[in-house]
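Model the structure of this input:
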Amino acid sequence: YNPSRVLILCGKGNNGGDGMVAARYLQHLDAVDVVYPDSGQMTPEAAVQASLLGHCPVALHPVRCAADVEPLLRVFDEADLIVDAMLGTGASGAVREPLATLVALANKSPVPVVAVDIPTPGIRAARIVSFHRPKVEGADVVDIGIPLEAEVCTGPGDLALLPARAPGAHKGAGGEVLVVGGGPYQGAPYIAAMGALRAGADIVRIASPAYIPMPDLIYERLEGDVITNDHLETILGLVGRADVVVCGMGLGRASHDVVLAVAEAAEKAVFDADALARPLPAAKETIYTPHAGEFARMTGAEPPVDLVPRARSVKAAATAGTILLKGPVDVVSDGKRVRFNRTGTPAMTTGGTGDLLAGMAGALFCHLPAFEAACIAAYANGRAGMRAAEERGCGMLATDMLDFIPRELFGRGTPG
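Below is the predicted model:
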């Protein structure tokens, strides 16, 4: 099928942006007409493509309402192929005007309709073309050069998910993290807390019996040598103020009742180290950051050594939240998706790097979904470790990584 006159129906989202890219690639044809809504804001990606089309020999038809579509009946009549790029995988709800009228006219046309990724609801597509991987059953998949590794492994592209800090942001806009830990092991919660600060959290509080003076942290010093049920009232009051609770590092296993109470009260939580015991704590949204031994304690089974069965094991276990299984290759799963993180260095076997990771995950979790926060934390933690190891080798400390975390997350000199 070799069309000479193509009509491309675009929406305001990235699906519409795909349609505009198609228009540029088809500009050599006799006629290319692009119809798009001239109301509301396009996604940044779609706006870039719309700007590029202004320099191409294609006909642009902005429409605001159903009445604006009526003058385009001739364009529908003359087209010998219609491309549906109106609504993609992120759309929900009923199709509104002027797109509803465009759907009706496309269905009346005798020429074939090719849908991009998925058909707009109500449209009768003769063919569906998905890029990289199928988005709906029956789609023809087109390779656009994205390597498989880009989908299954973390990378610098994930950092695009980090929200920009608004020019008028106030104190606390970067998120508030509460770290609950310490007692038998005093340094662990402080490393986690500093990791949260370096990963962009504005305010980090520590509830701990231990006290290591650090002027950037806010302390709630708990009486005694270990955290007990006697401290619950104080801790739960702090939980209510935090966007994310990071709990478990240096805690000792005698405090599990406290962990469960924290989980019940928290909206979002990251559980690490001694918190990873049965019964497993689960906040409304949860990230778990076990190493292999802690994973076995969580699930009752050691994770397989080989990467594919290891990933299956993590995915099967991720029923209560996202699991970030630490190792030479980190495995992250929310029970539906699996990502691998290959950043890091053998020098990171030094104590405290996992505490740092938990704190970073907590800071990122303030603004991102659990799975994405865990993936980015794993990537940036590994990169910071690699940078520190370049200077210190196997003598590096977890605290040596702190200066490199914001550079890896936000870029040198770029605010988060």
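
gap between the two ends of stretch 238-249?
Taking CA to CA, to the nearest Å, the first and last residues of stretch 238-249 lie 17 Å apart.

beta partners of Asp33?
Asp33 forms beta bridges with Leu7, Ala59, as assigned by DSSP bridges.

where's it relative to Ile8, distance?
7 Å (CB to CB, to the nearest Å). The way it works is simple: take the backbone N, C-alpha and C, and place the C-beta from them, glycine included.

Those two - which one has more neighbours?
Using other CB atoms under 10 Å, the more surrounded residue of Asp33 and Ile8 is Ile8, with 29 against 21.

so who does that one touch?
Gly19, Met20, Ala22, Ala23, Leu26, Val32, Asp33, Val34, Val35, Ile82, Val83, Ala85 (CB atoms under 8 Å, 6 or more residues apart in numbering).

And for Gly250?
Per CB under 8 Å, 6+ apart, neighbours of Gly250: 181-189, 208, 210, 273-274, 355.

need those residues in a markdown table with distance to Gly321, pLDDT and secondary structure, can you?
Listed next are these as a markdown table, based on distance: CB to CB, whole Å; pLDDT from 0 to 100; DSSP: H, G, I helix; E, B strand; the rest coil:
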| residue | distance to Gly321 | pLDDT | secondary structure |
| --- | --- | --- | --- |
| Gly181 | 19 | 96 | coil |
| Gly182 | 23 | 92 | coil |
| Gly183 | 24 | 84 | coil |
| Pro184 | 25 | 82 | coil |
| Tyr185 | 24 | 84 | coil |
| Gln186 | 27 | 87 | coil |
| Gly187 | 26 | 92 | coil |
| Ala188 | 21 | 95 | helix |
| Pro189 | 21 | 96 | helix |
| Ser208 | 24 | 96 | strand |
| Ala210 | 27 | 84 | coil |
| Ala273 | 16 | 95 | helix |
| Asp274 | 17 | 95 | helix |
| Asp355 | 19 | 98 | helix |
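
and which of the residues you listed is nearest Val305?
Distance to Val305, by CB to CB, is smallest for Ala273 among these, at 22.3 Å.

how much space is there between the closest one and Gln41?
In terms of CB to CB, Ala273 sits 44 Å off from Gln41.

out of these two, which sits in the more crowded spot?
Neighbour tally, Ala273 and Gln41, criterion other CB under 10 Å: the higher count belongs to Ala273, 25 against 8.

Contacts only, for the more buried one.
Gly181, Ala188, Gly248, Met249, Gly250, Leu251, Glu294, Gly354, Asp355, Ala358.

how deep is the last one tucked in, by neighbour count?
Other residues near Ala358 number 32, with proximity taken as other CB under 10 Å.

Please name the nearest non-neighbouring residue to it.
Asp272 (4.0 Å; CB to CB, 6 or more residues apart in numbering).

What pLDDT does the model give the one you found?
Looking at Asp272, its pLDDT reads 98.

Which residue is the nearest non-sequential neighbour of the residue sitting nearest the centre point of the chain?
Taking CA atoms, centre = their mean, the centroid of the chain lies closest to Glu372, which sits 2.6 Å from it. With sequence-adjacent residues excluded and distances taken as CB to CB, 6+ apart, Glu372 is closest to Leu161, at 5.4 Å.

ok so, going back, quick one: which of the contacts of Ile8 has the most company?
Of all these, Ala85 has the most neighbours under the rule other CB under 10 Å, reaching 29 neighbours.

What residues are recorded as beta-bridge partners of it?
Counting by DSSP bridges, Ala85 is bridged to Cys10.

and Pro281, how many residues sit next to it?
Residues lying near Pro281 (other CB under 10 Å) number 25.

what's the following helix or strand after the worst-scoring helix or strand of the chain on mean pLDDT?
Scoring the helices and strands of the chain by mean pLDDT, DSSP states H and E places helix 148-152 at the bottom, with a mean of 77. Counting by DSSP states H and E, the element after helix 148-152 in chain order, helix or strand, is strand 176-180.
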